[in-house]
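**Q** Need a 3D model of the sequence below.
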Amino acid sequence: MPADNPALPGDVFFDLMAGGYARGHAHALLAVLEARGFDVRRYDGDGMSTAWRVAQCKDVLQLTAWLMRAANADSLEDVFG
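**A** Residues are numbered from 1 along each chain as shown. Reported below is the predicted structural model:
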């Protein structure tokens, strides 16, 4: 079991798993937004693209909330509000 591996302490293993989980959610969110026709590479008023903002988020709960909103959103404002 990787968590018991002395070369990979448990907390490091779980941090890596959480990071991968967040990246997967970010990828799914961007895929849904692009499939629905949103321009995720467009820059907003803060000088950041939606893709950049999503990629920087490591909070799986926030990414999940955005993903759920993206399924029915009429605008990016509806998703990220």
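**Q** Please identify the next secondary structure element, helix or strand, after the helix or strand of the chain with the lowest mean pLDDT.
**A** The helix or strand with the lowest mean pLDDT-type score in the chain, counting by mean pLDDT, DSSP states H and E, is helix 10-35 (a mean of 79). If you walk from helix 10-35 toward the C-terminus, the next helix or strand you reach (DSSP states H and E) is helix 50-56.
**Q** And that next one, what's buried?
**A** Judged by neighbour count (16 or more other CB atoms under 10 Å), helix 50-56 contains these buried residues: T50, A51, R53, V54, A55. In short, each C-beta sits where N, CA and C put it, glycine included.
**Q** Wait, the second one touches R41, no?
**A** Yes: applying CB atoms under 8 Å, one finds A51 in contact with R41, separated by 5.6 Å.
**Q** what is in contact with these two at once?
**A** Listed as contacting both A51 and R41 by CB atoms under 8 Å, 6 or more residues apart in numbering is no residue at all.
**Q** re earlier: pull the most distant pair out of the buried residues of helix 50-56.
**A** Spanning the widest gap among these are T50 and A55, at 9.5 Å by CB to CB.
**Q** tally of neighbours for L76?
**A** For L76, the count of nearby residues is 19 (other CB atoms under 10 Å).
**Q** from memory it sits against T50, does it?
**A** Yes: assessed by CB under 8 Å, L76 is found in contact with T50 at 6.0 Å.
**Q** Contacts only, for the one residue sitting closest to the centre of the chain.
**A** Most central residue of the chain, judged by C-alpha distance to the mean C-alpha position with CA atoms, centre = their mean, is A26 at 2.3 Å. Shown in contact with A26 (CB under 8 Å, 6+ apart): V54, A55, C57, L63.
**Q** Would you mind measuring from it to E77?
**A** With distances taken as CB to CB, to the nearest Å, A26 is found 19 Å from E77.
**Q** Can you tell me the closest non-neighbouring residue to the residue nearest to the centre of the chain?
**A** For A26, the nearest residue in space outside its immediate sequence neighbours is V54; the separation is 5.0 Å by CB to CB, 6 or more residues apart in numbering.
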